[in-house]
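predicted model and sequence below, questions to follow.
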Amino acid sequence: MSHQPIENYGIIGDLSTAALVGMDGSIDFMCFPAFDSPTIFAALLDRKKGGHFKISPVRGEFKQRQRYLPDTNILHTRFLGESGIAAISDFMAMQHSGHNHALVRRVKVVRGEIPLRIVCAPKFDYARTGHTVEKRGKEVIFVPDKKGIPAMRLRSTVPLRVENGEAFAEFRLRTDQTAAFILEKADADSPSKDPDYVSEAFKETMNFWLAWVGRSNYRGRWREMVNRSALTLKLLTSQEHGSIVAAPTFGLPESVGGARNWDYRYTWIRDASFTLYALMRLGYSDEARAFMRWMEQRCQELQPGKPMQVMYRIDGSRELPEITLNHLEGYKQSRPVRIGNAASNQLQLDIYGELLDSIYIYDKHAEPISYDFWANIVTLVEWVCKNWKRPDEGIWEVRGGARPFLYSRAMCWLAVDRAMRLSRERSYPAPLVRWHRIRDEIYQNVYKTFWNPKLKSFVQYPGAKNIDASSLVLPLVKFISPTDPRWKSTLKTIEETLVEDSLVYRYRPGKSAPDGMKGHEGTFSPCSFWYVECLARAGDLKQARFIFEKALGYSNHLGLFGEQIGPCGEHLGNFPQALSHIALISAACYLDRELSENKQA
């Protein structure tokens with residue numbers, strides 16, 4: 001079995017966890033029961049050991065096609081061959097009456113007669129734990145050997161057999177005949193015993209997603225891509241906790257065969273704040289409210305004099321020890337495969353600016369924050385005022401040593417500025433005179449320390465001779481005017497050193513601050529959309545639209561983006577990535593508005 005390209009997958013989920021479904025009909029990645037739980041399927045990281053759940057024709061040549069049912073997260077995979085056409089509908093049940101994390105797969109032959117095979121081969125606890133299998137009629141129970149890991153039940157409408165801890169079935173379907181399979185927790189009372197469960201769950205799930213998309217206030221250009229991005233962000237949101245994961249996967253490489261393989265199944269303060277901003281722009285205040293509740297709890301837990309943690313587990317717990325899974329070969333031999341993330345212990349000063357900006361927007365457009373939340377915000381800002389000069393690991397989480405980064409410095413300015421605005425607009429008590437002085441001191445420091453007059457550009461850190469793409473955010477948060485001559489010449493430097501076609505590298509390894517890793521990486525998808533928005537804000541709408549349309553062309557067949565794009569257009573890094581879709585939404589909203597106001601088609 002060879003690895004499917006990362007871009008060959010679609011995502012389904014139930015706001016607790018998610019699964020990646022390949023064009024070949026195989027579910028090759030799924031953590032259970034939560035985003036940051038151990039995997040039950042991880043063939044994407046090890047084809048032999050990882051585990052998978054596949055439905056496919058037994059023999060013959062078939063073309064593969066995949067699409068979402070419009071404005072839903074129900075995935076439709078087709079096999080088209082001379083002997084007929086088979087279609088698989090995959091979804092995780094969304095029911096108001098409660099559900100049991102049910103993964104539902106329904107296969108139907110729409111033309112001809114096709115022999116099909118199902119293989120359900122879960123591997124528990126990142127493929128580190130064995131299991132036993134018990135067969136009960138058309139049900140199979142998978143029981144892990146390790147305590148604390150839920151047993152799984154596979155229900156089937158066709159007879160199953162068991163071999164080597166896996167469930168198999170071979171069956172033949174003719175035109176309009178169907179077979180259904182439901183994988184769920186085995187220790188709970190589930191409604192899937194009802195013979196009509198699959199069709200009812202399908203309807204309820206479709207209605208759930210259609211109703212959710214219907215709440216969007218976006219009516220502009222590129223609506224299909226914006227809706228798909230919003231649906232993807234919703235899939236990465238925990239319904240129970242309100243937190244938002246950066247991506248549903250771990251271990252997918254930024255460079256095939258390399259060691260840049262990280263775990264993104266956690267809530268980054270930065271990424272989640274950007275997500276809140278994107279969802280707010282589309283009118284999804286409920287999701288913003290849930291995240292703010294989660295965020296307020298994290299602020300209440302802060303220890304005096306201690307920085308906020310960069311990332312948390314979805315339930316808000318802080319422990320994310322980084323562990324290497326040496327028994328997994330990695331995606332196309334990309335090792336090591338890591339779970340947990342040591343970057344959680346880094347100092348990343350930029351998170352305060354992104355957080356305060358999102359709180360300010362939430363307070364202004366959703367609902368006013370509480371006084372107790374404000375008191376915690378004051379504590380955060382006071383910490384920033386005392387520590388903004390410190391070197392840190394920055395937005396790119398470098399492991400080659402802390403430095404005073406331009407982006408971190410500017411985001412400290414943003415934190416103090418947005419706190420001041422909140423205080424004035426809500427009449428909250430704050431040491432505004434001192435904050436004003438420190439905010440201006442940070443601003444002046446950026447212009448004096450990070451501006452290189454010879455290069456006519458801001459630089460990544462004092463003394464550097466290069467810039468990184470995080471600077472593209474500076475005009476977006478109004479730190480600098482998008483038409484300021486200093487910014488225009490900085491943008492020109494970015495274009496000359498980091499932009500290829502419509503794609504943007506976040507930095508050039510070997511020429512920027514050392515990131516502590518060997519090898520190279522692809523272009524960073526969020527930066528491409530930041531670049532588009534910078535062009536639009538500078539008034540170059542024609543070029544912004546041209547670049548935006550080209551960048552959209554690098555999505556996969558479903559409109560999904562991973563973290564990076566490789567030299568052959570392949571997707572790299574964890575997939576799909578929230579930050580890529582956030583930046584897409586932001587660029588689309590701004591560009592569409594400007595085009596309409598300028599009466600451009």
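Looks like it arrived, so ask away. Source: prediction; values computed, not measured.

pLDDT below threshold where in this protein?
1, 95-100, 188-193 (pLDDT under 70).

what do you get if the cut-off is 90, keeping everything else the same?
Across the chain, residues meeting the criterion (pLDDT under 90) sit at 1-2, 59-60, 95-101, 136-138, 187-197, 272-273, 275-277, 302-306, 508-520, 598-601.

tell me the strands beside the longest strand seen in it, with direction?
Longest strand in the chain, counting residues (DSSP state E): strand 103-121. Counting by DSSP bridges, the strands paired with strand 103-121 are strand 52-57 (antiparallel), strand 84-92 (antiparallel), strand 166-174 (antiparallel), strand 178-185 (antiparallel).

list the buried residues in that strand.
103-109, 114, 116, 118-121 (16 or more other CB atoms under 10 Å). Where you see a C-beta, it was placed from the backbone N, CA and C, and this is true even at glycine.

what's next to the helix or strand following that strand, contact-wise?
As assigned by DSSP states H and E, the chain's next helix or strand after strand 103-121 is helix 124-127. Outside helix 124-127, the residues that touch it by CB atoms under 8 Å, 6 or more residues apart in numbering are 38-40, 42, 46, 49-51, 130-131, 142, 144-146, 149, 325, 327-328, 339.

what about the helices in this protein?
124-127, 197-214, 223-235, 269-281, 285-300, 350-365, 371-387, 406-426, 432-449, 473-476, 485-498, 525-537, 541-552, 578-597 (DSSP state H).

as a markdown table, those with distance to Thr178 would be great.
Output for those, formatted as a markdown table (distance: least, CB to CB, whole Å):
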| stretch | distance to Thr178 |
| --- | --- |
| helix 124-127 | 29 |
| helix 197-214 | 9 |
| helix 223-235 | 26 |
| helix 269-281 | 36 |
| helix 285-300 | 34 |
| helix 350-365 | 45 |
| helix 371-387 | 51 |
| helix 406-426 | 53 |
| helix 432-449 | 62 |
| helix 473-476 | 49 |
| helix 485-498 | 51 |
| helix 525-537 | 38 |
| helix 541-552 | 35 |
| helix 578-597 | 33 |
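
Gly519 is nearest to which of those?
Gly519 lies closest to helix 485-498 among those, at 17.8 Å (CB to CB).

which strands and helices sit next to the closest one?
Other helices and strands packing on helix 485-498, by 3 or more CB pairs under 8 Å, 6 or more residues apart in numbering; DSSP states H and E, are strand 457-458, helix 525-537.

quick one, which of the ones you listed is nearest to Gly13?
Nearest of the helices and strands packed on helix 485-498 (CB to CB): helix 525-537, 20.3 Å.

what does that closest one rub up against?
Applying CB under 8 Å, 6+ apart, the contact partners of helix 525-537 are 469-470, 472-473, 475-476, 482, 491, 494, 498-499, 502-506, 541, 543-544, 547-548, 551, 554, 561-565, 577, 579-580, 582-584, 586-587, 590-591, 594.

and that helix, what's buried?
Going by neighbour count (16+ other CB under 10 Å), the buried part of helix 525-537 is 525-537.

pull the most distant pair out of these.
Once CB to CB is applied, the buried residues of helix 525-537 give Ser525 and Arg537 as the farthest pair, at 19.4 Å.

pretty sure Thr77 is touching Arg105, no?
No. Thr77 is beyond contact range of Arg105, at 9.7 Å (criterion: CB atoms under 8 Å).

quick check: neighbours shared by those two?
88, 90.

and for the closest residue in space to Gly60 that isn't next to it in sequence, the neighbour number?
Nearest residue to Gly60, sequence neighbours excluded (CB to CB, 6 or more residues apart in numbering): Gly81, at 5.1 Å. Gly81 has 16 neighbours, counted by other CB atoms under 10 Å.
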